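> 3D, please:
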Amino acid sequence: MKKWIALIIAAFFPQALWAADVPATLQWSQRVELSTPVSGVVKAVNVEVGDLVKKGQVLLSLDSTTYQASVAETQSEITRLDAEAEEAKRDLDRVQELYERTIVSTTDLDQAKLRRVKSLSMLAEARARLRQDQKALEETSLRAPFDAVVILRQAEPGLSVASGLQLQMLLTLARSGEMIARMHLPSPQIDNVKTGQTVTVSVAGTSYTGKIKTLGLEPIQTKNGSVYPVDVLFPNKQPLRAGSPALVKLP
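Numbering: from 1, shown residues only. The predicted model follows:
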């Protein structure tokens, strides 16, 4: 009789069957490895593992002497080419006037126009080169892409960084203020939860209110059968460690 009652409850109230504390493991909600896209020697590393950093904060800087010199050289070249372009314009205006007075030939006018076009072209190329030089100078400073915690430091002052096909990882960050509790549910149970659903995450006796972020679509084989990963995103003010155990309380 009790067995039939249990089956009836399960049929009409399926969520009651699955209400449980499900073991989970903490993961970073976002993890990035950072490097500089330009080569150089590390001049300063401004952070340590565990530091909280703000978006845009300078974390590491290379010796930028060479890049600063390139910017200054290109700026000087632009000044010279700008003057030459103005001179070519004045020369073209003068030749144009003489041509209209039939004092000079069409060839002279064409040559003056060509000198003007060439001067403008060289000036445009120099300005484009300046933008590239300024970008390279900017990239000698490694900045935080978002509010984060430093979880790995692989750089020290004096380290040579060579940009190439494979970037050299210098710092690893994880987004601060939120984490993921990853649990695994079997097929019948995962059908009773949905993305955006509010659940409670418990870590070391502290409870957090989170929401289901993703439901896995591919099964993972375990000794007890197939399960699907489910990620719960929750905010956290105090620092937590990835890999720590947690419990997710399903409704």
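
> pLDDT of the helix or strand harbouring Gln96, averaged?
Gln96 belongs to helix 65-100 when assigned by DSSP states H and E. Mean pLDDT, computed over helix 65-100, is 96.

> which strands or helices does it pack on?
When contacts are defined as 3 or more C-beta pairs under 8 Å, 6 or more residues apart in numbering; DSSP states H and E, helix 65-100 packs onto helix 106-138. C-beta: built from backbone N, CA, C; applies to glycine.

> show me what the helix it packs on is packed against.
Judged by 3+ C-beta pairs under 8 Å, 6+ apart, helix 106-138 is in contact with helix 65-100.

> compute the inter-axis angle for the helix it packs on and helix 106-138.
Per axes from the mean of the first three to the mean of the last three C-alpha atoms, to 10 degrees, the angle that helix 65-100 makes with helix 106-138 is 160 degrees.

> give me the buried positions along helix 65-100.
Going by neighbour count (16 or more other C-beta atoms under 10 Å), the buried part of helix 65-100 is 67, 70-71, 74, 77-78, 81, 84-85, 88, 92, 95, 99.

> out of those residues, which is nearest to Pro188?
Lowest distance from Pro188 to those (C-beta to C-beta) belongs to Tyr67, with 60.0 Å.

> how many other residues sit next to the nearest residue to the closest one once chain neighbours are set aside?
Nearest residue to Tyr67, sequence neighbours excluded (C-beta to C-beta, 6 or more residues apart in numbering): Leu137, at 4.1 Å. Leu137 is flanked by 18 other residues according to other C-beta atoms under 10 Å.

> likewise for Pro23?
The number of residues packed around Pro23, counting by other C-beta under 10 Å, is 12.

> wait, what's in contact with it?
Residues counted as contacts of Pro23 (C-beta atoms under 8 Å, 6 or more residues apart in numbering) are 183, 245-247.

> again with Thr140
For Thr140, the contacting residues are 36, 38, 40, 61-64, 67, by C-beta under 8 Å, 6+ apart.

> all strands for the stretch 101-250 of the chain, in order.
141-143, 148-153, 160-161, 171-175, 178-185, 198-203, 206-215, 220-222, 225-235, 245-249 (DSSP state E, counting those that start in this stretch).

> the longest one pairs with which strands, and in what direction?
Same thing as strand 225-235. Counting by DSSP bridges, the strands paired with strand 225-235 are strand 178-185 (antiparallel), strand 206-215 (antiparallel), strand 220-222 (antiparallel).

> distance from the first one to the middle of the chain?
Offset of strand 178-185 from its chain centre (C-alpha atoms, centre = their mean, to the nearest Å): 22 Å.

> going forward can the numbers begin at 4, since that is how I track them
With the count now opening at 4, the last piece we talked about shows up as strand 181-188.

> contacting residues around Met172?
Met172 sits next to 36-38, 157 when contact means C-beta under 8 Å, 6+ apart.

> distance check, it against Val35.
Met172 is 10 Å from Val35, where distance means C-beta to C-beta, to the nearest Å.

> same question, Leu65
Distance of Leu65 to Val35, computed by C-beta to C-beta: 19 Å.

> deepest-packed of the strands paired with strand 228-238, please.
Greatest average neighbour count among these goes to strand 181-188 (a mean of 22), per mean count of other C-beta atoms under 10 Å.

> for stretch 245-254, how far is the first residue from the last?
Start and end residues of stretch 245-254 are separated by 25 Å (C-alpha to C-alpha, to the nearest Å).

> list the buried residues in it.
For stretch 245-254, using 16+ other C-beta under 10 Å, the buried residues are 249-251, 253.
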